[in-house]
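[1] Below are the sequence and a predicted model for it; my questions follow.
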Amino acid sequence: MLGSLDFDVITRSLPYVLGEGLRFTLTLTALATVFGLTLGTILALMRLSGMKALSVPATLYVNLMRSLPLVLVIFWFYFLVPYIGQFVLRTERPVQVGAFASALITFSLFEAAYFSEIMRAGIQSVARGQAAAGSALGLTYRQLMQYVILPQAVRNMLPVMLTQTIVLFQDTSLVYVISLTDLLGAAATVANRDGRLVEMYVFAALIYFVISFGASLVVRRLQARMAIIR
Amino acid sequence: MAMIRLEGVSKWYTPQFQVLKDCTLSVAKGEVLVVCGPSGSGKSTLIKCINALEPFQAGSIVIDGAKLPDPKTNLPKLRSRIGMVFQHFELFPHLSITQNLCLAQEKVLRRGHEEAMAKAMMLLERVGLTAHAHKFPGQLSGGQQQRVAIARALAMDPIAMLFDEPTSALDPEMINEVLDVMVELAGEGMTMMVVTHEMGFARKVADRVVFMDGGEIIEDRPTEAFFGSPHSARAQTFLSKILAH
């Protein structure tokens, strides 16, 4: 049976699958991680602020996002973002943002909810006395967070954060619902065009595996190097 | 002239549970005050009220002209002028010893890195830890960490130092190395308020001893008089318990 397989199709489609598909997947993953982490950290600080005006909206947002399937949010945002843009910018017509921008906004907002929970646990994992010690030295709230609490929180949460990023990397394949070509999409296109389903899907799976597994090995190393000596 | 003055300070955790009851005391410039009393008597809470780490609901505190509670008081600025040493050291574990000493000097006092480092090394030499400058807190013993914590507080050139049970979390053999640093500091005329059970230290360096129980200041007397003949039965019981051995 294996004799009828044609692995040359992989070589032939390499520029397309890696150059376009994988590049798209990695770009979306990287940007969504950066924006998601930033927004997630802000949400976590809002939830922990003790001020109801900040913590209630943040809590509602996080719980809402975490209760919805990602595919639904991607789809929904794709149709909704132009109208939100119209409302915010007060333009005559819905603002065309394009599928990529729409996907990036969606993933950033969606991942922010998960990253916020990770950061919240991370911040809470830093001993309370640390905040008292920082304050006692005269650090402002911002300085305390920036130099004392968040660096420790990030170190404590690094493995979980990287795991979440790997999940995000795999989840980006859901952009097929808005007809974007990511790694899986590119592989599927070639697979259907050349009738080489087995080869192309095995190849795609292999790339996902190598990158995800490789990343988790890097995490382990990084963690050992950044670990706080106790 | 009082450097720190507490006037009728009261604090409630819940409407039913009052931790501090109408506490009034003052610490003069250059004075060393020891606060003692059974656990749960509110000593730590009281000392934390002084640099606004704990809020209180009634009364007032004046520290070198700055008032609490007062919305006009800049809390970070006030805190940067008062050194505080904690029971569990609270060094920043992700920073090296010198980084621990430099952080607030650079970010709060806006000193240059060179100046902050020079100050840090000078203070590390003073507490006898120059050799450990580039280590991390987790690599030091408890006694060493607490000496670093004292140096970190001194790096801010504080007008007064607060000590919240600085030796309670230490193994017995490390207590003296920390107390020695504190005795030296007292000898140099630093204004100090020390919550401690170390009665030997109190006898040696304290000008006055404050005894607290149940959130109240029961006695506030010169050291000799306090140890010679405590007025209250509660202080007598307390002293007989901790001096028995």
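    Good, I have the coordinates.

[2] CA atoms for contacts and neighbours, from now on please.
    Will do.

[3] Touching stretch A:16-23 from outside, list them.
    Stretch A:16-23 is contacted from outside by A:181, A:182, A:183, A:184, A:185, A:186, A:187, using C-alpha atoms under 8 Å, 6 or more residues apart in numbering or on different chains.

[4] do stretch B:150-163 as well
    A:137, B:47, B:80-86, B:100-102, B:104-105, B:109, B:119-120, B:123-124, B:127, B:190-195.

[5] could the contacts of stretch A:16-23 be laid out in JSON lines, adding secondary structure?
    Formatted as JSON lines, the contacts of stretch A:16-23 follow (DSSP: H, G, I helix; E, B strand; the rest coil):
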{"residue": "A:181", "secondary structure": "coil"}
{"residue": "A:182", "secondary structure": "coil"}
{"residue": "A:183", "secondary structure": "helix"}
{"residue": "A:184", "secondary structure": "helix"}
{"residue": "A:185", "secondary structure": "helix"}
{"residue": "A:186", "secondary structure": "helix"}
{"residue": "A:187", "secondary structure": "helix"}
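
[6] If you rank those by neighbours, which is first?
    In terms of neighbours by other C-alpha atoms under 10 Å in any protein chain shown, the contacts of stretch A:16-23 top out with residue A:187 at 29 neighbours.

[7] For chain B, which residues are neighbours of chain A?
    B:51, B:53, B:75-84, B:86, B:88, B:90-94, B:104, B:107-108, B:136-139, B:153, B:156 (C-alpha under 8 Å from any C-alpha of the partner chain).

[8] Chain A against chain B: which residues are in contact?
    A:129-130, A:132-133, A:135-140, A:143, A:148, A:151-152, A:228-230.

[9] run the last query once more with 6 Å
    Counting by C-alpha under 6 Å from any C-alpha of the partner chain, the residues of chain A close to chain B are A:130, A:136, A:137, A:138, A:139, A:140, A:228, A:229, A:230.

[10] Quick one: those residues as CSV, columns for neighbour count too.
    Formatted as CSV, the residues of chain A next to chain B follow (neighbours: other C-alpha atoms under 10 Å in any protein chain shown):
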residue, neighbour count
A:130, 19
A:136, 28
A:137, 27
A:138, 28
A:139, 27
A:140, 17
A:228, 17
A:229, 12
A:230, 10
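
[11] mind putting those in CSV, pLDDT and distance to residue A:166 included?
    Formatted as CSV, those follow (pLDDT from 0 to 100; distance: C-alpha to C-alpha, whole Å):
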residue, pLDDT, distance to residue A:166
A:130, 96, 31
A:136, 96, 39
A:137, 97, 39
A:138, 96, 39
A:139, 97, 35
A:140, 96, 35
A:228, 75, 24
A:229, 73, 27
A:230, 68, 28
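
[12] In helices, which of these fall?
    Secondary structure from DSSP state H places A:130, A:136 of the residues of chain A next to chain B in helices.
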